[in-house]
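J.: My questions are about this predicted structure, shown below with the sequence.
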Amino acid sequence: MSRFRIGLLVTVVVAGMAFVLLSVDLRPRVEYVEEPEEEELVELLPPTAYGINMEGRVMEEGRVASGATFGDLLGKRGVPSNTVHALVELAKPRFDVRRMRSGHPFAFIRSEVPGSVPSHFIYEVDAVDYLVFDLGKNPSVELAKRPVVEEEASLSIAVTGALYNDITRAGADPDLAMALSEVFAWTVDFQRIQKNDTFTVVYSQQHVEGRPYGRPKVLAARYTSGERVKVAYRVEQADGAQYFDADGNSLRKAFLKAPLKFSRISSGFSSKRLHPVQKVMKAHLGTDYAAPYGTPILAVGDGVVETAGQTGGNGKFVKIRHNATYSTQYLHMRKILVKQGQRVAQGDVIGEVGSTGLATGPHVCFRFWKNGVQVDHRREEFPSAEPIAAAQRPAFEQLRDSMNVRLDEAVAEAEKARLIVF
(Lines give C-alpha, C1' and ligand atoms only; values in the text may rest on other atoms or scores of the structure.)
Protein backbone atom coordinates (compact mmCIF):
# COMPACT_ATOMS: atom_id res chain seq x y z
CA MET A 1 0.00 0.00 0.00
CA SER A 2 1.39 3.36 -0.94
CA ARG A 3 2.30 5.90 1.72
CA PHE A 4 -0.45 8.19 0.43
CA ARG A 5 -3.17 5.61 0.99
CA ILE A 6 -1.84 4.74 4.43
CA GLY A 7 -1.84 8.44 5.41
CA LEU A 8 -5.38 8.91 4.13
CA LEU A 9 -6.63 5.87 6.10
CA VAL A 10 -5.01 7.16 9.28
CA THR A 11 -6.58 10.56 8.75
CA VAL A 12 -10.06 9.04 8.32
CA VAL A 13 -9.72 6.88 11.45
CA VAL A 14 -8.51 9.80 13.55
CA ALA A 15 -11.33 12.01 12.26
CA GLY A 16 -13.89 9.29 13.03
CA MET A 17 -12.60 8.89 16.58
CA ALA A 18 -12.67 12.65 17.07
CA PHE A 19 -16.30 12.77 15.82
CA VAL A 20 -17.34 10.05 18.28
CA LEU A 21 -15.58 11.75 21.18
CA LEU A 22 -17.16 15.12 20.38
CA SER A 23 -20.71 14.01 19.52
CA VAL A 24 -21.41 11.03 21.78
CA ASP A 25 -21.72 11.32 25.61
CA LEU A 26 -19.57 8.45 26.88
CA ARG A 27 -19.89 9.50 30.55
CA PRO A 28 -21.61 7.12 33.04
CA ARG A 29 -25.44 7.49 33.06
CA VAL A 30 -26.82 9.58 35.92
CA GLU A 31 -30.58 9.41 36.70
CA TYR A 32 -32.51 12.65 37.35
CA VAL A 33 -33.32 13.26 40.97
CA GLU A 34 -35.74 16.07 41.88
CA GLU A 35 -34.09 18.60 44.10
CA PRO A 36 -35.83 18.88 47.48
CA GLU A 37 -37.63 22.14 48.10
CA GLU A 38 -36.15 24.28 50.77
CA GLU A 39 -38.18 23.95 53.94
CA GLU A 40 -39.80 27.16 55.05
CA LEU A 41 -38.78 27.92 58.58
CA VAL A 42 -41.91 28.45 60.70
CA GLU A 43 -41.55 30.00 64.08
CA LEU A 44 -43.62 27.93 66.51
CA LEU A 45 -45.39 30.25 68.90
CA PRO A 46 -46.08 29.06 72.42
CA PRO A 47 -49.70 28.01 73.12
CA THR A 48 -51.97 30.67 74.61
CA ALA A 49 -55.31 30.82 76.40
CA TYR A 50 -57.19 34.07 76.97
CA GLY A 51 -54.09 35.82 75.57
CA ILE A 52 -51.85 34.29 78.28
CA ASN A 53 -48.69 32.30 77.45
CA MET A 54 -49.45 28.72 78.55
CA GLU A 55 -45.92 27.36 78.26
CA GLY A 56 -45.23 25.59 81.54
CA ARG A 57 -48.77 26.30 82.77
CA VAL A 58 -52.02 24.38 83.14
CA MET A 59 -55.61 25.58 83.15
CA GLU A 60 -58.48 24.54 85.41
CA GLU A 61 -61.92 25.30 83.98
CA GLY A 62 -65.32 25.31 85.66
CA ARG A 63 -68.63 27.10 86.10
CA VAL A 64 -69.68 29.34 88.95
CA ALA A 65 -71.75 27.35 91.43
CA SER A 66 -74.91 28.77 92.95
CA GLY A 67 -74.01 30.99 95.91
CA ALA A 68 -70.29 31.08 95.09
CA THR A 69 -68.49 34.42 95.42
CA PHE A 70 -65.36 35.94 93.92
CA GLY A 71 -63.61 35.70 97.29
CA ASP A 72 -64.62 32.06 97.76
CA LEU A 73 -63.26 30.99 94.39
CA LEU A 74 -59.89 32.69 94.87
CA GLY A 75 -59.53 31.98 98.59
CA LYS A 76 -59.99 28.22 98.13
CA ARG A 77 -57.01 28.22 95.77
CA GLY A 78 -54.65 30.01 98.10
CA VAL A 79 -54.90 33.56 96.76
CA PRO A 80 -54.15 35.96 99.67
CA SER A 81 -57.06 38.03 100.97
CA ASN A 82 -55.20 41.33 100.38
CA THR A 83 -54.82 40.37 96.71
CA VAL A 84 -58.52 39.52 96.51
CA HIS A 85 -59.44 42.89 98.01
CA ALA A 86 -57.13 44.74 95.62
CA LEU A 87 -58.65 42.98 92.62
CA VAL A 88 -62.19 43.81 93.76
CA GLU A 89 -61.27 47.51 93.83
CA LEU A 90 -59.40 47.35 90.52
CA ALA A 91 -62.37 45.64 88.83
CA LYS A 92 -64.99 48.21 89.92
CA PRO A 93 -64.62 50.56 86.91
CA ARG A 94 -65.14 47.58 84.58
CA PHE A 95 -67.19 45.04 86.51
CA ASP A 96 -68.73 44.58 89.96
CA VAL A 97 -67.61 41.09 91.05
CA ARG A 98 -70.81 40.80 93.10
CA ARG A 99 -72.59 40.46 89.75
CA MET A 100 -70.93 37.14 88.99
CA ARG A 101 -73.68 34.75 87.95
CA SER A 102 -74.02 31.04 88.61
CA GLY A 103 -73.43 28.90 85.54
CA HIS A 104 -70.98 31.32 83.92
CA PRO A 105 -67.62 29.79 82.87
CA PHE A 106 -64.41 30.59 84.74
CA ALA A 107 -60.79 29.43 84.56
CA PHE A 108 -57.70 29.42 86.77
CA ILE A 109 -54.22 29.35 85.20
CA ARG A 110 -51.27 28.18 87.30
CA SER A 111 -47.82 26.66 87.02
CA GLU A 112 -47.48 22.97 86.19
CA VAL A 113 -46.07 22.49 89.69
CA PRO A 114 -48.77 20.67 91.70
CA GLY A 115 -50.40 22.77 94.43
CA SER A 116 -49.09 26.08 93.06
CA VAL A 117 -51.15 29.24 93.57
CA PRO A 118 -52.87 30.39 90.34
CA SER A 119 -51.29 33.24 88.41
CA HIS A 120 -54.53 34.28 86.66
CA PHE A 121 -58.30 34.02 87.10
CA ILE A 122 -60.69 34.47 84.16
CA TYR A 123 -64.44 35.10 84.43
CA GLU A 124 -66.61 35.05 81.30
CA VAL A 125 -69.23 37.80 81.47
CA ASP A 126 -70.87 36.56 78.25
CA ALA A 127 -69.91 34.95 74.96
CA VAL A 128 -67.82 38.02 73.99
CA ASP A 129 -66.61 39.79 77.14
CA TYR A 130 -64.33 38.19 79.71
CA LEU A 131 -62.26 39.52 82.59
CA VAL A 132 -58.62 38.55 83.13
CA PHE A 133 -57.45 38.94 86.75
CA ASP A 134 -53.67 38.92 87.18
CA LEU A 135 -53.06 37.44 90.64
CA GLY A 136 -49.34 38.23 90.78
CA LYS A 137 -47.35 40.69 92.90
CA ASN A 138 -48.80 43.58 90.89
CA PRO A 139 -52.50 42.64 90.56
CA SER A 140 -54.39 43.95 87.57
CA VAL A 141 -57.76 43.50 85.86
CA GLU A 142 -58.33 43.61 82.10
CA LEU A 143 -61.65 43.47 80.24
CA ALA A 144 -61.06 41.59 76.99
CA LYS A 145 -63.32 40.72 74.05
CA ARG A 146 -63.48 37.80 71.67
CA PRO A 147 -63.75 38.85 68.01
CA VAL A 148 -67.30 38.95 66.64
CA VAL A 149 -67.67 37.94 62.98
CA GLU A 150 -70.84 38.84 61.06
CA GLU A 151 -71.77 36.72 58.05
CA GLU A 152 -74.69 36.76 55.63
CA ALA A 153 -76.60 33.67 54.57
CA SER A 154 -79.82 32.72 52.80
CA LEU A 155 -82.36 29.97 53.30
CA SER A 156 -85.59 28.73 51.76
CA ILE A 157 -87.73 26.20 53.61
CA ALA A 158 -91.16 24.67 53.13
CA VAL A 159 -93.13 24.49 56.36
CA THR A 160 -93.74 20.92 57.53
CA GLY A 161 -94.87 21.66 61.08
CA ALA A 162 -93.55 24.22 63.54
CA LEU A 163 -91.50 26.90 61.78
CA TYR A 164 -89.02 26.82 64.69
CA ASN A 165 -88.31 23.13 64.10
CA ASP A 166 -88.08 23.49 60.32
CA ILE A 167 -85.49 26.24 60.62
CA THR A 168 -83.48 24.19 63.15
CA ARG A 169 -83.48 21.16 60.83
CA ALA A 170 -82.23 23.40 58.02
CA GLY A 171 -79.15 24.15 60.13
CA ALA A 172 -79.97 27.78 60.96
CA ASP A 173 -80.31 29.46 64.35
CA PRO A 174 -83.87 28.69 65.57
CA ASP A 175 -84.11 32.32 66.72
CA LEU A 176 -84.56 33.10 63.02
CA ALA A 177 -88.16 31.90 63.42
CA MET A 178 -88.75 34.57 66.07
CA ALA A 179 -87.12 37.22 63.89
CA LEU A 180 -89.39 36.30 60.96
CA SER A 181 -92.48 36.40 63.18
CA GLU A 182 -91.57 39.96 64.19
CA VAL A 183 -90.88 41.10 60.61
CA PHE A 184 -94.21 39.73 59.35
CA ALA A 185 -96.16 40.46 62.56
CA TRP A 186 -98.43 42.93 60.77
CA THR A 187 -98.91 41.09 57.46
CA VAL A 188 -98.83 37.32 58.12
CA ASP A 189 -101.16 35.51 60.50
CA PHE A 190 -98.83 32.89 61.97
CA GLN A 191 -101.82 30.97 63.31
CA ARG A 192 -102.88 30.30 59.70
CA ILE A 193 -99.58 29.07 58.26
CA GLN A 194 -100.21 25.93 56.23
CA LYS A 195 -98.03 22.92 55.44
CA ASN A 196 -95.81 23.59 52.38
CA ASP A 197 -96.03 27.36 52.78
CA THR A 198 -92.53 28.69 52.08
CA PHE A 199 -90.31 31.13 53.93
CA THR A 200 -87.28 32.43 52.04
CA VAL A 201 -84.89 34.73 53.87
CA VAL A 202 -81.59 36.55 53.48
CA TYR A 203 -80.16 37.25 56.91
CA SER A 204 -77.01 38.14 58.78
CA GLN A 205 -75.76 36.28 61.84
CA GLN A 206 -72.96 37.16 64.21
CA HIS A 207 -70.61 34.40 65.34
CA VAL A 208 -68.10 34.09 68.16
CA GLU A 209 -65.59 31.30 67.70
CA GLY A 210 -67.92 29.59 65.25
CA ARG A 211 -71.01 29.75 67.49
CA PRO A 212 -74.05 31.98 66.82
CA TYR A 213 -74.08 35.16 68.89
CA GLY A 214 -77.13 37.36 69.27
CA ARG A 215 -80.32 37.29 67.23
CA PRO A 216 -80.21 36.83 63.44
CA LYS A 217 -81.02 40.00 61.50
CA VAL A 218 -83.47 39.59 58.61
CA LEU A 219 -82.27 41.57 55.56
CA ALA A 220 -85.01 40.42 53.19
CA ALA A 221 -87.74 37.81 53.38
CA ARG A 222 -90.48 36.28 51.25
CA TYR A 223 -93.48 34.31 52.46
CA THR A 224 -95.37 32.27 49.86
CA SER A 225 -98.71 30.59 50.53
CA GLY A 226 -100.33 29.36 47.32
CA GLU A 227 -100.77 32.42 45.10
CA ARG A 228 -100.29 34.81 48.03
CA VAL A 229 -96.82 36.34 48.42
CA LYS A 230 -95.61 38.69 51.15
CA VAL A 231 -92.17 40.31 51.02
CA ALA A 232 -90.08 42.40 53.40
CA TYR A 233 -86.91 44.45 52.86
CA ARG A 234 -84.89 45.93 55.71
CA VAL A 235 -84.04 49.62 55.32
CA GLU A 236 -81.93 51.55 57.82
CA GLN A 237 -83.69 54.75 58.88
CA ALA A 238 -82.65 57.63 61.11
CA ASP A 239 -84.83 56.25 63.92
CA GLY A 240 -83.85 52.60 63.36
CA ALA A 241 -84.40 49.85 60.83
CA GLN A 242 -87.83 49.39 59.27
CA TYR A 243 -89.26 46.86 56.82
CA PHE A 244 -91.03 47.74 53.57
CA ASP A 245 -92.86 45.79 50.87
CA ALA A 246 -91.94 45.75 47.17
CA ASP A 247 -93.75 49.05 46.58
CA GLY A 248 -91.99 50.82 49.44
CA ASN A 249 -94.94 50.69 51.84
CA SER A 250 -94.15 50.09 55.50
CA LEU A 251 -94.98 46.65 56.84
CA ARG A 252 -95.75 48.19 60.21
CA LYS A 253 -99.51 48.36 60.60
CA ALA A 254 -101.68 50.08 63.14
CA PHE A 255 -102.26 46.69 64.83
CA LEU A 256 -100.51 43.35 65.14
CA LYS A 257 -102.25 40.33 63.64
CA ALA A 258 -102.46 38.60 67.03
CA PRO A 259 -101.72 39.29 70.71
CA LEU A 260 -99.37 36.27 70.95
CA LYS A 261 -96.26 35.54 68.92
CA PHE A 262 -96.84 31.79 68.66
CA SER A 263 -100.14 30.06 69.39
CA ARG A 264 -103.08 28.43 67.70
CA ILE A 265 -106.64 29.60 67.21
CA SER A 266 -108.87 27.38 69.31
CA SER A 267 -112.10 29.25 68.58
CA GLY A 268 -112.86 31.96 66.03
CA PHE A 269 -115.23 34.92 65.89
CA SER A 270 -118.81 33.64 65.55
CA SER A 271 -122.36 34.85 65.96
CA LYS A 272 -123.30 31.45 67.38
CA ARG A 273 -121.29 28.66 69.01
CA LEU A 274 -121.67 26.14 71.83
CA HIS A 275 -120.09 27.70 74.93
CA PRO A 276 -117.52 25.17 76.26
CA VAL A 277 -118.41 25.83 79.92
CA GLN A 278 -122.06 26.93 79.92
CA LYS A 279 -123.02 24.36 77.23
CA VAL A 280 -125.46 26.75 75.53
CA MET A 281 -125.44 28.31 72.06
CA LYS A 282 -124.35 31.94 72.18
CA ALA A 283 -122.30 34.45 70.22
CA HIS A 284 -118.51 34.42 70.55
CA LEU A 285 -117.47 37.93 69.59
CA GLY A 286 -113.76 37.34 69.88
CA THR A 287 -110.91 35.04 68.83
CA ASP A 288 -109.41 32.49 71.24
CA TYR A 289 -105.67 31.90 71.04
CA ALA A 290 -104.57 28.79 72.94
CA ALA A 291 -101.06 28.87 74.42
CA PRO A 292 -99.20 27.53 77.49
CA TYR A 293 -99.68 29.16 80.89
CA GLY A 294 -97.46 32.21 81.30
CA THR A 295 -97.10 32.98 77.57
CA PRO A 296 -96.64 36.78 77.22
CA ILE A 297 -99.71 38.65 75.96
CA LEU A 298 -98.86 41.66 73.76
CA ALA A 299 -100.68 44.93 73.19
CA VAL A 300 -101.58 44.84 69.48
CA GLY A 301 -101.28 48.60 69.17
CA ASP A 302 -100.37 51.84 70.93
CA GLY A 303 -102.93 53.08 73.42
CA VAL A 304 -104.02 53.66 77.01
CA VAL A 305 -105.19 50.96 79.44
CA GLU A 306 -108.88 51.69 79.98
CA THR A 307 -109.54 48.78 82.37
CA ALA A 308 -107.31 46.29 84.19
CA GLY A 309 -109.42 44.11 86.48
CA GLN A 310 -111.41 40.92 86.93
CA THR A 311 -114.97 39.63 86.49
CA GLY A 312 -116.55 36.22 86.93
CA GLY A 313 -116.79 35.41 83.22
CA ASN A 314 -113.82 37.29 81.80
CA GLY A 315 -111.46 36.40 84.59
CA LYS A 316 -108.49 38.75 84.77
CA PHE A 317 -108.56 41.04 81.75
CA VAL A 318 -107.22 44.24 80.22
CA LYS A 319 -108.98 46.62 77.86
CA ILE A 320 -107.02 49.18 75.83
CA ARG A 321 -108.37 52.23 73.99
CA HIS A 322 -106.18 52.89 70.96
CA ASN A 323 -107.99 55.95 69.57
CA ALA A 324 -111.50 57.24 69.00
CA THR A 325 -112.22 54.32 66.64
CA TYR A 326 -110.51 51.22 68.01
CA SER A 327 -110.34 49.34 71.34
CA THR A 328 -109.11 45.86 72.24
CA GLN A 329 -109.67 43.49 75.16
CA TYR A 330 -107.65 40.51 76.45
CA LEU A 331 -109.43 37.98 78.69
CA HIS A 332 -108.65 35.03 81.04
CA MET A 333 -105.17 36.23 82.05
CA ARG A 334 -103.18 34.48 84.73
CA LYS A 335 -101.44 37.72 85.60
CA ILE A 336 -102.03 41.38 84.71
CA LEU A 337 -98.85 43.39 84.18
CA VAL A 338 -100.28 46.90 83.52
CA LYS A 339 -102.42 49.39 85.41
CA GLN A 340 -105.45 51.46 84.51
CA GLY A 341 -104.43 54.72 82.84
CA GLN A 342 -101.03 53.37 81.79
CA ARG A 343 -99.86 54.17 78.24
CA VAL A 344 -98.63 51.14 76.31
CA ALA A 345 -96.84 50.73 72.99
CA GLN A 346 -97.43 48.14 70.32
CA GLY A 347 -95.73 44.89 71.33
CA ASP A 348 -95.55 45.71 75.07
CA VAL A 349 -96.23 42.73 77.36
CA ILE A 350 -99.46 43.48 79.24
CA GLY A 351 -100.13 40.12 80.90
CA GLU A 352 -99.69 36.34 80.87
CA VAL A 353 -101.90 33.61 79.42
CA GLY A 354 -104.09 31.87 81.99
CA SER A 355 -107.50 30.30 82.41
CA THR A 356 -109.26 32.59 84.90
CA GLY A 357 -113.01 33.13 84.58
CA LEU A 358 -115.12 30.86 82.36
CA ALA A 359 -112.32 28.98 80.60
CA THR A 360 -111.56 25.29 80.13
CA GLY A 361 -107.83 25.73 79.48
CA PRO A 362 -105.06 28.31 79.05
CA HIS A 363 -105.81 30.82 76.29
CA VAL A 364 -106.47 34.49 75.66
CA CYS A 365 -109.83 35.57 74.27
CA PHE A 366 -109.01 38.60 72.11
CA ARG A 367 -111.81 41.07 71.39
CA PHE A 368 -111.73 44.00 69.00
CA TRP A 369 -114.02 47.05 68.86
CA LYS A 370 -114.45 49.35 65.86
CA ASN A 371 -116.65 52.40 66.45
CA GLY A 372 -118.09 50.69 69.54
CA VAL A 373 -119.02 47.46 67.73
CA GLN A 374 -117.16 44.16 68.19
CA VAL A 375 -115.75 42.93 64.86
CA ASP A 376 -113.58 40.08 63.60
CA HIS A 377 -110.15 41.70 63.54
CA ARG A 378 -108.83 39.10 61.09
CA ARG A 379 -111.13 40.48 58.40
CA GLU A 380 -110.13 44.10 58.91
CA GLU A 381 -107.63 46.01 56.74
CA PHE A 382 -105.53 48.44 58.76
CA PRO A 383 -103.48 51.41 57.53
CA SER A 384 -99.68 51.24 57.29
CA ALA A 385 -97.07 53.62 58.64
CA GLU A 386 -95.36 56.12 56.34
CA PRO A 387 -93.98 54.69 53.05
CA ILE A 388 -90.35 54.98 51.98
CA ALA A 389 -89.33 58.63 51.55
CA ALA A 390 -89.07 59.92 47.99
CA ALA A 391 -85.39 60.77 48.47
CA GLN A 392 -84.68 57.16 49.51
CA ARG A 393 -86.65 55.48 46.72
CA PRO A 394 -83.80 55.01 44.17
CA ALA A 395 -81.58 53.41 46.82
CA PHE A 396 -84.52 51.32 48.05
CA GLU A 397 -85.32 50.02 44.56
CA GLN A 398 -81.68 49.06 44.04
CA LEU A 399 -81.68 47.24 47.40
CA ARG A 400 -84.99 45.52 46.61
CA ASP A 401 -83.80 44.28 43.21
CA SER A 402 -80.50 42.93 44.55
CA MET A 403 -82.28 41.16 47.41
CA ASN A 404 -84.80 39.65 45.00
CA VAL A 405 -81.91 38.04 43.13
CA ARG A 406 -80.58 36.53 46.35
CA LEU A 407 -84.04 35.31 47.40
CA ASP A 408 -84.50 33.64 43.99
CA GLU A 409 -81.07 32.01 44.31
CA ALA A 410 -82.04 30.62 47.73
CA VAL A 411 -85.22 29.12 46.26
CA ALA A 412 -83.22 27.55 43.41
CA GLU A 413 -80.70 26.06 45.85
CA ALA A 414 -83.49 24.59 47.98
CA GLU A 415 -85.15 23.09 44.90
CA LYS A 416 -81.85 21.57 43.74
CA ALA A 417 -81.28 20.06 47.18
CA ARG A 418 -84.78 18.62 47.18
CA LEU A 419 -84.21 16.97 43.79
CA ILE A 420 -80.92 15.46 44.98
CA VAL A 421 -82.61 13.98 48.05
CA PHE A 422 -85.43 12.49 46.00
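T.: It's in. Residues are numbered from 1 along each chain as shown.

J.: you'd agree Y164 is in a strand?
T.: No. The assignment for Y164 is helix, going by DSSP: H, G, I helix; E, B strand; the rest coil, so no strand is present there.

J.: Now for it, how many residues are close by?
T.: 15 (other CB atoms under 10 Å). In this view, the C-beta of every residue, glycine as well, is placed from N, C-alpha and C.

J.: Would you check that it makes contact with P174?
T.: Yes. Look at Y164 against P174 with CB atoms under 8 Å: they come within range, at 5.2 Å.

J.: ok, now how distant is F190 from P259?
T.: 12 Å (CB to CB, to the nearest Å).

J.: So those two - more neighbours on which side?
T.: The residue with more neighbours, out of F190 and P259, is P259; 26 against 19, by other CB under 10 Å.

J.: where along the stretch 101-250 of the chain do the helices fall?
T.: 163-169, 175-183 (DSSP state H, counting those that start in this stretch).

J.: Go through those and pick out the most buried.
T.: For those, the largest average neighbour count (mean count of other CB atoms under 10 Å) is found in helix 175-183, namely a mean of 19.

J.: remind me which residues of the stretch 101-250 of the chain are low pLDDT?
T.: Within the stretch 101-250 of the chain, the set of residues satisfying pLDDT under 70 is empty.

J.: strand partners of the strand or helix carrying Q310, parallel vs antiparallel please.
T.: Under the assignment given by DSSP states H and E, the secondary-structure element containing Q310 is strand 303-311. Strand 303-311 has the following strand partners under DSSP bridges: strand 315-321 (antiparallel), strand 343-344 (antiparallel).

J.: could I get the ones you listed as CSV with distance to R222 and mean neighbour count?
T.: Rendered in CSV, the data for the strands paired with strand 303-311 read as follows (distance: least, CB to CB, whole Å; neighbours: other CB atoms under 10 Å):
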stretch, distance to R222, mean neighbour count
strand 315-321, 32, 21
strand 343-344, 32, 16
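
J.: For Q237, which of the ones you listed is the nearest?
T.: Go through the strands paired with strand 303-311 one by one with CB to CB and the one that ends up closest to Q237 is strand 343-344, at 23.0 Å.

J.: gap between the closest one and the chain center?
T.: 29 Å (CA atoms, centre = their mean, to the nearest Å).

J.: Give me the angle between the helix or strand following that strand and strand 315-321.
T.: Scanning forward in sequence from strand 343-344 by DSSP H and E, the next helix or strand is strand 349-353. Going by axes from the mean of the first three to the mean of the last three CA atoms, to 10 degrees, strand 349-353 is angled at 150 degrees with respect to strand 315-321.

J.: and the helix or strand just after strand 349-353, average pLDDT?
T.: Tracing the chain C-terminally past strand 349-353 and defining elements by DSSP H and E, one meets strand 363-370 next. Model confidence over strand 363-370, given as mean pLDDT, is 93.

J.: which neighbours does the helix or strand that strand 363-370 is followed by have in its sheet, and in what orientation?
T.: Per DSSP H and E, strand 363-370 leads on to strand 373-374 as the next helix or strand towards the C-terminus. When sheet partners are counted by DSSP bridges, strand 373-374 sits next to strand 363-370 (antiparallel).

J.: Just the buried residues of the strand holding Q310, please?
T.: By neighbour count with 16 or more other CB atoms under 10 Å, strand 303-311 contains the buried residues 303, 305, 308.

J.: Give me the distance from the longest helix along the chain to the chain's centre.
T.: Residue-count comparison of every helix in the chain, with assignments taken from DSSP state H, identifies helix 393-421 as the longest. Taking CA atoms, centre = their mean, one finds helix 393-421 lying 20 Å from the centre of the chain it belongs to.

J.: do the same with stretch 315-335
T.: 32 Å.

J.: How far does that stretch stretch from one end to the other?
T.: Between the opening and closing residues of stretch 315-335 we find a distance of 10 Å, counting by CA to CA, to the nearest Å.

J.: where in the stretch 301-422 of the chain is pLDDT low?
T.: Residue ranges of the stretch 301-422 of the chain with pLDDT under 70: 420-422.

J.: how about a cut-off of 80?
T.: Within the stretch 301-422 of the chain, the stretches falling below the threshold (pLDDT under 80) are 324, 381-385, 417-422.

J.: Run through the bridge partners of S156.
T.: What pairs with S156, by the bridge criterion (DSSP bridges), is T200.

J.: Does it touch E413 like I think?
T.: Yes. Judged on CB under 8 Å, S156 makes contact with E413 at a distance of 7.1 Å.

J.: Need the residues that contact the longest strand seen in the chain.
T.: The longest strand of the chain (DSSP state E) is strand 211-225. The set of residues that contact strand 211-225 without belonging to it, under CB atoms under 8 Å, 6 or more residues apart in numbering, is 127-128, 148, 152, 172-173, 175-176, 178-180, 183-184, 188, 193-194, 197-207, 229-234, 243, 403-404, 406-407.
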